[in-house]
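**Student:** following is a predicted model, sequence given first.
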Amino acid sequence: MCGIIGYTGSANAIPKMMKGLSVLEYRGYDSVGVAAQRKNGTEIVKCKGRIGALEEKLRDEPIEDSRCAIGHTRWATHGGPSDENAHPHRAGKVVLVHNGIIENYKELRSELLGKGAVFLSETDTEVAAALINDCYAAEREPVAAIRKAAARMRGAFAFAILFDGREGEVYVIRRGSPLILARGRDGFYLASDMTALLPFTREYCALKEDEIACLLPDGVSICPADGTRFPPEWKTTTMTPESAQKGGFAHFMLKEIHEQPAAVVKSVSPRVNSKGLPDFSADGINADFWRSVRHIQVVACGSAMHAGLLGQRLIEDYAKVPTTVHIASEYRYHPPVMSEGTLVVVISQSGETADSLAALRYAKEQGIPTLAIVNAVETTIAREADRRVYTYAGPEIAVATTKGYCTQASVLWMIALAMAHAAGRLTDEKAREAVNCLLRDVPAAMEQMLSREDRYRKAARGLINHEHVFYIGRGIDYALSMEAALKLKEISYIHCEAYAAGELKHGTISLVEAGTPVLAISTERDLFDKTESNIREVRSRGAQVTLICRSDIAVPSETADELISLPVSSNAATVFSALLAVQCIAYEAASLLGCDIDRPRNLAKSVTVE
Ligand code: G6P
């Protein structure tokens, strides 16, 4: 949700801004801009639209001799997408870019208007710039000015700030929104996430909450309130520049779908001990901890919440521990009852989703133990949770998650096994066998499913001329259906609803008419007969049915118009195969419709506003 980047050093800054911004575009792409220091002051070039629009502008007004610059790509919150609302914003001696939301910007704005400030945009960011400028006039020193202004601001922010007359200096502060600093061979960088910095360096340091740092061409200082200065502790990321590139695939989404078999292994294997049993000791979690859990509340947004729904079924089936799933943005306004033995599990690919973070903080305030399942390492949610389990999916660039969700599901599967094993509900032998299914059968089955593009394209052709589509399933397949429907909506813009197969007849079946596409998922053998009855109900009303079904069920030919068979080497293999199939159907539908698959309209990958 907005991406920011900055550089100071000995090299030309603008090409670095453009490269970094092109990676950060997944965070928002309503407008884009850069500010660059030059001999005669700081120059801003910005416009509505994507990076191509800025490139065109820079061709007309090139900035060639800047060694210090900041840049921004925007997902509009306060004020629509326009040239005026694009960042960077200037106020007096201050030029800045911002990721986040200043909640009390209205009151600050009227106060600053009273002091003679003039605003050109509708953004909260311009108010922040004016406030920092006002504080700078009083303090005459950037760090003190930023600290004073930050004390007045409520909400979330990561700022990169240039001050007139301070050549080569970039100041940053963060609260709630992410910010990474990095050290390269030719200077120092900042960005909203590490992937944007991978083209330049792998040495990084994640700025902590409310920390201010000053970047100079020859070093970085962290500036705490006591007036001291100290250098960051640099670490080296295991991510490579290639991991953030398409690697020959038409889209990041397709690449990430193909990475899933390997990603499942990466997420499961660190949680398997030398006896082949589920074991989270490497994450600092032992069997006693699992045994102490009486009730789980999963809190997440979007696909991560859908992964929670899948996890709920697994944890309740295997470990018999009652589990409820909550939409993060609702959680703290209507918190469920917490009691002794409650564990709050926050799931987030990005580790920065504002609603999930707010829910995590709420749970912590209540004194409830928290565990985060996160992909992006050292992010705010990962840092603030009492315990963290990384999914190790690697960078996910496409806005619509695939391998992020898939690895959340595999980690939840392992948690269900670990809890059941710790509670004595699963023998060593059964636990070992289940772990093996995840490590061996799931990747093999997913690989097999990857080669069925023709089936997915055919199924997708049946959807693209319709305005409404339904997914139906029971049990785990209902949870999968919700993710399947979201995937289709997000990237192809076809309206799709997921229904528990038995629920459709209680009202919504009235929307089914001749030709309505219905996709049914059936991975649970015992539930097939019931699901089949529901399929018959919609077929007899004219629905065109695609059945995604385990291959060991003899499906009568009149049951479905199209059949996609799933490998059945194990239950897990069947479930993950169905997941891959629905992701590919969404991908093919979006591709047939010519949609911008990696950057669907109005969305952003990392939503850092509530
Ligand atoms: C956004 C994305 C969704 C994602 C959700 C949660 O809305 O568009 O695809 O599932 O955020 O993101 P997280 O990073 O917390 O998993």
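**Tutor:** On my side now, so go ahead. Numbering: from 1, shown residues only.
**Student:** now His251. Its backbone dihedrals?
**Tutor:** The phi/psi pair for His251 (degrees, to the nearest 10) reads phi -140, psi 160.
**Student:** what sits against it?
**Tutor:** His251 sits next to Ala398, Tyr587, Ile597, Asp598 when contact means Cβ atoms under 8 Å, 6 or more residues apart in numbering. Yep, even glycine has a C-beta here, placed from its N, CA and C like the rest.
**Student:** and what of Arg457?
**Tutor:** Contacts of Arg457 were listed using Cβ under 8 Å, 6+ apart, and they are Glu588, Leu592.
**Student:** Leu277 and the ligand, how far apart?
**Tutor:** 29 Å (Cβ to the nearest ligand atom, to the nearest Å).
**Student:** that residue: how many residues sit nearby?
**Tutor:** Counted with other Cβ atoms under 10 Å, residues neighbouring Leu277 total 19.
**Student:** wait, doesn't Trp413 sit right on Ala572?
**Tutor:** Yes. Trp413 lies in contact with Ala572 (Cβ atoms under 8 Å); the separation is 6.5 Å.
**Student:** who's more crowded, these two?
**Tutor:** Set Trp413 next to Ala572 and count neighbours by other Cβ under 10 Å: Trp413 wins out with 28 against 24.
**Student:** for the more buried one, which three-state class applies?
**Tutor:** helix (DSSP: H, G, I helix; E, B strand; the rest coil).
**Student:** middle-most residue in this structure, spatially?
**Tutor:** Nearest to the mean C-alpha position of the chain, by Cα atoms, centre = their mean, lies Ser350 at 4.0 Å.
**Student:** if I pick that residue, what's in contact with it?
**Tutor:** When the contact criterion is Cβ under 8 Å, 6+ apart, the partners of Ser350 are Asn375, Ala376, Thr379, Lys605, Ser606.
**Student:** ok so it is a strand residue?
**Tutor:** No. Looking at Ser350 with three-state DSSP, it is coil, so not inside a strand.
**Student:** do you know the pLDDT at it?
**Tutor:** At Ser350, the model reports a pLDDT of 92.
**Student:** tell me the buried residues in stretch 332-342?
**Tutor:** Arg332, Pro335, Thr342 (16 or more other Cβ atoms under 10 Å).
**Student:** what do you get for stretch 255-266?
**Tutor:** Quick answer for stretch 255-266 (16+ other Cβ under 10 Å): Lys255, Glu256, Ile257, His258, Glu259, Gln260, Pro261, Ala263, Val264, Val265, Lys266.
**Student:** among the residues you listed, which two are most distant?
**Tutor:** Farthest pair in the buried residues of stretch 255-266 (Cβ to Cβ) is Lys255 and Val265. Separation: 17.1 Å.
**Student:** returning to what we had before: filter the contacts of His251 down to the ones near the ligand?
**Tutor:** Among these, proximity to the ligand is found for none (Cβ under 6 Å from any ligand atom).
**Student:** which of those has the most neighbours?
**Tutor:** Ranking the contacts of His251 using other Cβ under 10 Å puts Tyr587 first, with 28 neighbours.
**Student:** now do the contacts for that residue.
**Tutor:** Tyr587 sits next to His251, Met253, Leu254, Ile257, Tyr456, Ile491, Ile597 when contact means Cβ under 8 Å, 6+ apart.
**Student:** repeat for His72
**Tutor:** 2-5, 21, 32-34, 46, 86-88, 97-99.
**Student:** can you tell me which of those lies nearest to the ligand?
**Tutor:** Closest to the ligand out of those is Cys2 (13.4 Å), distances taken as Cβ to the nearest ligand atom.
**Student:** what's the neighbour count on that closest one?
**Tutor:** Residues near Cys2, counting by other Cβ under 10 Å: 28.
**Student:** what helix or strand does the closest residue to it other than its chain neighbours sit in?
**Tutor:** Among residues not flanking Cys2 along the chain, Asn99 sits closest, at 4.0 Å (Cβ to Cβ, 6 or more residues apart in numbering). Assigning secondary structure by DSSP states H and E places Asn99 in strand 94-102.
**Student:** quick one: list the elements packing against that strand.
**Tutor:** In terms of contacts (3 or more Cβ pairs under 8 Å, 6 or more residues apart in numbering; DSSP states H and E), strand 94-102 is packed against strand 3-9, strand 31-38, strand 68-74, strand 89-91, helix 124-139, strand 155-163.
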